[in-house]
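Colleague: Predicted coordinates and the sequence they were generated for:
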Amino acid sequence: MEVKPIITFPRWGNYTIAFKTLFEKLGLEVIPPGEINSQTILEGAKLSPEMFCFPLKTTLGSYIPALKKGANTILMVENIGGSCRQRYYGTIQSKVLKEGGWEINVVNFRATPRGIYSDLKKISGASFLEIFRAGRFFYKKLRLIEKIEKQAQYLRPRELEKGATDKALDWALLEIERVNEEKNFSRSKKEISRKFSEIKIKNAKNLPKVGLIGEIYTVCDPVINFGLERKLGKEGIEIHRQMDITYHLKKSIFPWQERLLQRKISPYLKSTVGGHGRDAIYEMLNYVKQGFDGVIQILPAMCMPEVTIRPILEKIHQKSGIPFLSLSIDEQVAEAGIDTRIEAFVDVIKNHHKNI
């Protein structure tokens, strides 16, 4: 007898909310992945190949609580192109979980619109219209998540009541997760907009600005990067982050954007390095052009694309004079050590801002 698939998937910051909605709207039984914390990271690291990327370990660890609750199928995006090792995650995670005694099936989604549609149809049995509606609701939630994250980046360094922005953001994320019908989404969206509009701010236009660049998973997940955006915002620094899922989707749908990007970074790099290496160079050049006060690269330890382009980022830093900090994250990194480096960098940023 065929076993009914009970779905889980990799946890990925606030985006987890949108992915849960997508799979539920396709009629799949879903057990969400566990929270990323020291315990789940430890469990993932124990199962993982030692020298593999940190995101493989954290996502693997996030499956374990769901598997213990009865999940038997993991949905994993197969690759993001180039030479990034993420293309092997599904295969490796399936192997180590089965060796660990878990009876699971890993479904690798092909990272193209046609591939994702085909695989969703195969796993769910949903019609084209059902997949379209589920995908539309997913995208609405995803876009709202990205919108309120950007609003929070702007409001944090300007808020009069400390913590008001994070309080509104946490409430909004719960509201986005709570609404389970697309017809009710507009009402929730308006309520979220009202909440953010009530945050009182200082009339501070000329604040230090820092751009966050790097590998998409570590840049976007606030748990993995130790809440870097919140910490810098509380220090009075306005954060900008271009890298998100929408940015990545646009590049997948409109391949000419990759050619344009390559043309702009060609003085520094003339070929792909995989992952989001080229994007990091492009973004840093833009931040220099816009007169930012600093750039922080966030990457998983041993991420080859990001490690490869780090000397190029250092070269841009030396040539332009813009302060630059590179933070490698893995299971061995303690938050206290990251905080110490951030505190020192904040002083550099503020001094740079005063002197330009």
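Modeller: Everything's here; your move. Residues are numbered from 1 along each chain as shown.
Colleague: what ranges do the strands span in the protein?
Modeller: Using DSSP state E, the strands of the chain run over residues 6-8, 29-30, 73-77, 105-109, 209-214, 238-241, 294-300, 324-329.
Colleague: hmm, who's touching the fourth one?
Modeller: Spelled out, it's strand 105-109. Contacts with strand 105-109, where a contact means C-beta atoms under 8 Å, 6 or more residues apart in numbering, come from 5, 72-78, 90-91, 93-94, 97, 115-116, 119-120, 123. Every C-beta, even on glycine, is put in place using the N, C-alpha and C of the backbone.
Colleague: Mark which of those residues are buried, thanks.
Modeller: In the contacts of strand 105-109, burial by neighbour count holds for 5, 72-78, 90, 93-94, 97, 116, 119-120, 123, counting by 16 or more other C-beta atoms under 10 Å.
Colleague: so where's the protein shaky on pLDDT?
Modeller: Low-confidence segments of the chain (pLDDT under 70): 1-2, 78-84, 110-113.
Colleague: any idea which residue sits dead centre in it?
Modeller: C220 (2.8 Å; C-alpha atoms, centre = their mean).
Colleague: which residue sits closest to that residue in space, ignoring its chain neighbours?
Modeller: In this structure, C220 finds its nearest non-sequential neighbour in G13, 5.3 Å apart by C-beta to C-beta, 6 or more residues apart in numbering.
Colleague: Report the contact partners of the one you found.
Modeller: Under the criterion of C-beta under 8 Å, 6+ apart, the neighbours of G13 are 220-224.
Colleague: Which two of those have the greatest separation?
Modeller: Using C-beta to C-beta, the pair of those lying farthest apart is C220 and V223, separated by 10.5 Å.
Colleague: And this structure, split by domain according to the record?
Modeller: Domain ranges of the chain: 6-126, 140-205, 207-356, per automatic domain parsing.
Colleague: Please give me every residue in contact with L42.
Modeller: L42 touches 61, 331, counting by C-beta under 8 Å, 6+ apart.
Colleague: any idea how far it lies from K69?
Modeller: When distance is defined by C-beta to C-beta, to the nearest Å, L42 is 19 Å away from K69.
Colleague: A134 too?
Modeller: To K69, A134 is 23 Å away according to C-beta to C-beta.
Colleague: With L269 instead?
Modeller: Separation of L269 from K69 (C-beta to C-beta) stands at 45 Å.
Colleague: neighbour-wise, which of these two wins?
Modeller: L269 (16 against 12; other C-beta atoms under 10 Å).
Colleague: right, and that one touches R310 too?
Modeller: No: using C-beta atoms under 8 Å, L269 makes no contact with R310, being 11.9 Å away.
Colleague: Relative to I356, how far out is D347?
Modeller: 15 Å.
Colleague: could you list every residue that touches the residue lying closest to K195 once chain neighbours are set aside?
Modeller: Leaving out its chain neighbours, the residue that sits closest to K195 by C-beta to C-beta, 6+ apart is A168, at 4.8 Å. Shown in contact with A168 (C-beta under 8 Å, 6+ apart): 152, 195-196, 198-199.
Colleague: And these, which is closest to E146?
Modeller: A152 (10.8 Å).
Colleague: any idea how far the closest one is from K189?
Modeller: A152 is 16 Å from K189, by C-beta to C-beta.
Colleague: before we move on, what about I201?
Modeller: Distance from I201 to K189, by C-beta to C-beta: 21 Å.
Colleague: what about the closest residue to G233 other than its chain neighbours, distance to K251?
Modeller: Nearest residue to G233, sequence neighbours excluded (C-beta to C-beta, 6+ apart): R156, at 2.8 Å. Distance, R156 to K251, using C-beta to C-beta: 28 Å.
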